[in-house]
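Student: how does the following fold in three dimensions:
(chains A and B, ligands or ions: 2)
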Amino acid sequence: MSVLVIAEHDNASIKGATLNTVTAAQKLDSDVVVLVAGTACGAAAEQAQKISGVSKVILADAQCYEHQLAENVAALVTELASGYSHILAPATTTGKNLLPRVGALVDSQMISDVIGVESADTFTRPIYAGNVIAKVQSSDAIKVMTVRATAFDPASAEGGSAALETADAAHDQGISSFAGEELAESDRPELTSARIVISGGRGMQNGENFNLLYSLADKLGAAVGASRAAVDAGFVPNDMQVGQTGKIVAPELYIAVGISGAIQHLAGMKDSKVIVAINKDEEAPIFQVADYGLVADLFEAVPELDKLLG
Amino acid sequence: MKILVPIKRVVDYNVKVRPKGDGSDVDLANVKMSMNPFCEIAVEEAVRLKEAGKATEIVVVSIGPAKAQEQIRAAMAIGADRGILVQTDENLEPLAIAKCLKAIYEKESPELVILGKQSIDGDNNQTGQMFAALAGLPQGTFASKVEVTDAGVNVTREIDGGLQTVALKLPAVVTTDLRLNEPRYASLPNIMKAKKKPMDTMSLEDLGVDATPRVKLLSVAPPPERKGGIKVASVEELVEKLKNEAKVVS
Ligand SMILES: Cc1cc2nc3c(=O)[nH]c(=O)nc-3n(C[C@H](O)[C@H](O)[C@H](O)COP(=O)(O)OP(=O)(O)OC[C@H]3O[C@@H](n4cnc5c(N)ncnc54)[C@H](O)[C@@H]3O)c2cc1C
Ligand SMILES: Nc1ncnc2c1ncn2[C@@H]1O[C@H](COP(=O)(O)O)[C@@H](O)[C@H]1O
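Tutor: Ligands and ions are numbered 1, 2, ... in the order given. Here you go, the predicted model:
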């Protein structure tokens, strides 16, 4: 049997998390098929063909897949499902929106946020905000799962030469439509794949003060994240939230500035290689996970750090 | 418009859960239980739609132990009109919950079903999408804004790159994100009033749902411990360590 990976893309190019998902798929079976469903997404499909270890790419190009509406894409995936032992997608908001729908339609109890593949039916995943790792075994004929990108290395984006097949069916369910979007624009690296992440919390006091972090981030080539408190207070937009219910990051260096270290925040960053915490409260729980803790006022420490690293 | 709000009884979000000594499951003996935070947001949103004159009745449903009545009463104290407890001591998987919800949906015929996006115990983030699929309904997941229009409902969704708005035909399914609203505290009179609101109890058999588990929990373990770090005395020392010891900046 083969493994089907649902590619994450914006019609023009494949998103990084797809590469990590291909690596997880390769641990299940050597025959890895990637589905690229979208509109005018030929360029993305071509990129998928080059991913190392992919044997076939299925291109489904129809208007109704343009914005990855779950209603339509799930119907397509369900039609393709019978040929596969496993169906995987990255555990991004797109994958999380789509895959449970597929699971229900193929009558499979999906497994969310897989961080380890023990065998073809046994997986590990975090539960309770990452305080516990569960090992679970699925008895479903088709195993449906989202994959946490930070737990798997990315497959090489080059070197593959997968065959291309097209799927013609346009499964427009006619019950939902795209009405608009506001995408955050940034020249900084993407939060989930950046080598360095600097995050600010409630201690930043307001949105303007985040400029201190942006300046440092630009010197280090880092992405900027935030705690939920900082997002809720309106300092920064929601797509910057790191944590149990935000984004999961595991960069080489994570710098937490003015963040107390609630379990829900730790759930999103404690697998980072090196953690630095800057906080004026020496009792802050963030120091329990920090490799290097600096008890200091951030408004003095961050500008100084900026100067010394500049 | 009738709104159905499924709510879950879960361990309180302040509790740090640990595995049992034998690693068979998590230790939930004597821990505080509450309504899942995302479900509270779902109830609050339904109540706001009713207060705005868009909704006429709010029915909450919980599938769980007898004690889940506490959470149903809590939802009624926020403003739900009626409750349904599907009583079971089994810990059902999201697919089985979705099947129960479909059976209730068929009985109740609500026009909007509002769920939480994720339960904070299993961190599944599945039930709303699964129920929508089984019932053939459109879904607006991870909602930060819900607007009922003449044509249906517009849902603004929190996605990785920012925000996306989808237009859904009714009946529709919405799952809530944290920023949709801030749930109110129930007042004492409303808590008293909630005690008198109607609540039905039924069983999985009544709903005709086969809830046989598909996924077996083999073991649980704590996550890898981080080695304790050090405190540095100054920014200079921090930079020195990052450059020469951790070698993560140059
Ligand atoms: C269901 C649920 C899901 C959640 N999901 C998430 C999530 O995904 N991500 C997340 O982050 N949170 C999440 N939370 C919220 C979480 O519980 C915390 O409330 C939040 O992480 C706190 O953010 P904070 O550390 O920025 O704020 P606070 O806890 O208020 O901490 C601010 C810190 O800044 C420090 N500080 C203040 N001024 C200065 C200064 N001048 N210099 C240095 N330090 C200073 C203070 O000492 C303090 O430690 C969730 C909560 C719930 C209930
Ligand atoms: N046992 C349950 N009873 C009622 N609603 C539930 C139950 N389990 C999950 N839900 C609903 O589904 C949402 C998402 O849960 P989950 O898919 O488990 O992350 C919750 O916020 C609830 O709204």
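Student: what about stretch A:9-19, average pLDDT?
Tutor: Mean pLDDT, stretch A:9-19: 96.
Student: so does that stretch get close to chain B?
Tutor: No. Judged by C-beta under 8 Å from any C-beta of the partner chain, stretch A:9-19 makes no contact with chain B; its nearest approach is 8.6 Å. The way it works is simple: take the backbone N, C-alpha and C, and place the C-beta from them, glycine included.
Student: for the chain, which spans come out with low pLDDT?
Tutor: No chain in the question, so chain A it is. Along chain A, segments meeting pLDDT under 70 are nowhere present.
Student: so what's the residue nearest the centre of it up against?
Tutor: In chain A, the centroid-proximal residue (C-alpha atoms, centre = their mean) is A:T92; its distance is 4.3 Å. Contacts for A:T92 were tallied using C-beta atoms under 8 Å, 6 or more residues apart in numbering or on different chains; they are A:E8, A:K15, A:A17, A:A149, A:T192, B:D160.
Student: redo that, cut-off 6 Å
Tutor: A:T92 makes contacts with A:E8, A:A17, B:D160, as judged by C-beta atoms under 6 Å, 6 or more residues apart in numbering or on different chains.
Student: narrow those residues to those in helices?
Tutor: Members of the contacts of A:T92 lying in helices (criterion: DSSP state H): A:A17.
Student: any idea which of the contacts of A:T92 is closest to ligand 2?
Tutor: Closest approach between these and ligand 2, by C-beta to the nearest ligand atom: B:D160, at 18.2 Å.
Student: among the contacts of A:T92, who's most crowded?
Tutor: Scoring these on neighbours with other C-beta atoms under 10 Å in any protein chain shown, the highest-scoring entry is A:A17 at 27 neighbours.
Student: name the nearest residue to it, sequence neighbours excluded.
Tutor: When the adjacent residues along the chain are set aside, A:A17 lies closest to A:P90, with 3.6 Å between them (C-beta to C-beta, 6 or more residues apart in numbering or on different chains).
Student: could you double-check that that neighbour sits in contact with A:I6?
Tutor: No. Look at A:P90 against A:I6 with C-beta atoms under 6 Å: they stay out of range, at 8.1 Å.
Student: how far away is the residue nearest to A:H67 when sequence neighbours are not counted from A:V77?
Tutor: Leaving out its chain neighbours, the residue that sits closest to A:H67 by C-beta to C-beta, 6+ apart is A:F178, at 4.0 Å. For A:F178, the distance to A:V77 (C-beta to C-beta, to the nearest Å) stands at 19 Å.
Student: which one of these two is surrounded by more residues?
Tutor: Counted by other C-beta under 10 Å, A:F178 and A:V77 do not tie: A:V77 has more neighbours, with 26 against 13.
Student: can you map out the helices along the stretch 51-200 of chain A?
Tutor: Per DSSP state H, counting those that start in this stretch, the stretch 51-200 of chain A carries helices over the ranges A:70-80, A:93-105.
Student: now chain B
Tutor: Using DSSP H, helices in chain B cover B:37-51, B:69-78, B:94-108, B:127-135, B:188-194, B:204-207, B:235-240.
Student: which parts of the first one are buried?
Tutor: Within helix B:37-51, the residues that count as buried by 16 or more other C-beta atoms under 10 Å in any protein chain shown are B:37-50.
Student: A:I255 bridge partners, please.
Tutor: With DSSP bridges applied, A:I255 shows beta-bridge pairing to A:I198, A:V276.
Student: residues near it, how many?
Tutor: A:I255 sits with 31 neighbouring residues when counted by other C-beta under 10 Å.
Student: any idea how far it is from A:L309?
Tutor: Distance from A:I255 to A:L309, counting by C-beta to C-beta: 11 Å.
Student: list the contacts for the residue nearest to A:A75 when sequence neighbours are not counted?
Tutor: Nearest-residue entry for A:A75: A:H171, 3.6 Å, with adjacent residues in sequence omitted and distances by C-beta to C-beta, 6+ apart. A:H171 makes contact with A:N72, A:A75, A:L76 under the criterion C-beta under 6 Å, 6+ apart.
Student: do A:D168 as well
Tutor: Neighbours of A:D168 in contact, by C-beta under 6 Å, 6+ apart: none.
Student: surely B:T175 touches B:I114?
Tutor: No. Applying C-beta under 6 Å as the test, B:T175 and B:I114 come out as separate, 7.6 Å apart.
Student: about what we covered before: just the contacts of A:H171 that are near ligand 2?
Tutor: For ligand 2, no contacts are drawn from those by C-beta under 6 Å from any ligand atom.
Student: can you redo those residues as a markdown table with neighbour count and distance to B:P189?
Tutor: What follows is those, written out as a markdown table (neighbours: other C-beta atoms under 10 Å in any protein chain shown; distance: C-beta to C-beta, whole Å):
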| residue | neighbour count | distance to B:P189 |
| --- | --- | --- |
| A:N72 | 26 | 47 |
| A:A75 | 20 | 48 |
| A:L76 | 22 | 52 |
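Student: quick check, nearest of the residues you listed to A:L105?
Tutor: Taking C-beta to C-beta as the measure, A:L105 sits nearest to A:A75 out of the contacts of A:H171, at 7.6 Å.
Student: which parts of stretch A:40-57 are buried?
Tutor: By 16+ other C-beta under 10 Å, the buried positions in stretch A:40-57 come out as A:41, A:44-57.
Student: tally of neighbours for the closest residue to ligand 2 within chain B?
Tutor: Proximity of chain B to ligand 2 (C-beta to the nearest ligand atom) peaks at B:G116, 2.2 Å away. B:G116 has 27 neighbours, counted by other C-beta under 10 Å.
Student: A:P285 too?
Tutor: A:P285: 17 surrounding residues under other C-beta under 10 Å.
Student: what pairs with the strand ranked longest in chain B, parallel or antiparallel?
Tutor: Longest strand in chain B, counting residues (DSSP state E): strand B:139-148. The strands beside strand B:139-148 in its sheet (DSSP bridges) come out as strand B:153-159 (antiparallel), strand B:172-176 (parallel).
Student: tell me the average confidence for the shortest one?
Tutor: Over the span of strand B:172-176, the pLDDT mean works out to 98.
Student: what bridges to B:V5?
Tutor: For B:V5, the beta-bridge partners under DSSP bridges are B:V60.
Student: who's in contact with it?
Tutor: B:V5 neighbours (C-beta under 6 Å, 6+ apart): B:A42, B:V43, B:A46, B:V60, B:I114.
Student: isn't A:P154 right up against A:V22?
Tutor: No. At 8.0 Å, A:P154 and A:V22 do not qualify as touching, with contact defined as C-beta under 6 Å.
Student: looking at these two, which is more packed in?
Tutor: More crowded of A:P154 and A:V22, by other C-beta under 10 Å: A:V22, with 29 against 17.
Student: could I get the phi/psi values of the nearest residue to the more buried one once chain neighbours are set aside?
Tutor: The shortest distance from A:V22 to any residue other than its chain neighbours is 4.1 Å, reached at A:A155 (C-beta to C-beta, 6+ apart). When quoted as degrees, to the nearest 10, the phi and psi of A:A155 stand at phi -70, psi 160.
Student: now A:A155: how far from B:E108?
Tutor: Here the distance between A:A155 and B:E108 works out to 47 Å (C-beta to C-beta).
Student: the two: who's more crowded?
Tutor: The neighbour count for A:A155 versus B:E108, taken as other C-beta under 10 Å, is higher for A:A155 (23 against 16).
Student: that one and A:A24 touch, don't they?
Tutor: No. Taking C-beta under 6 Å as the definition, A:A155 is not a contact partner of A:A24, at 9.4 Å.
Student: pull the number of nearby residues for the closest residue in space to A:S2 that isn't next to it in sequence.
Tutor: Nearest residue to A:S2 in three dimensions, chain neighbours excluded: A:D31, at 4.0 Å (C-beta to C-beta, 6+ apart). Neighbour count of A:D31, defined by other C-beta under 10 Å: 17.
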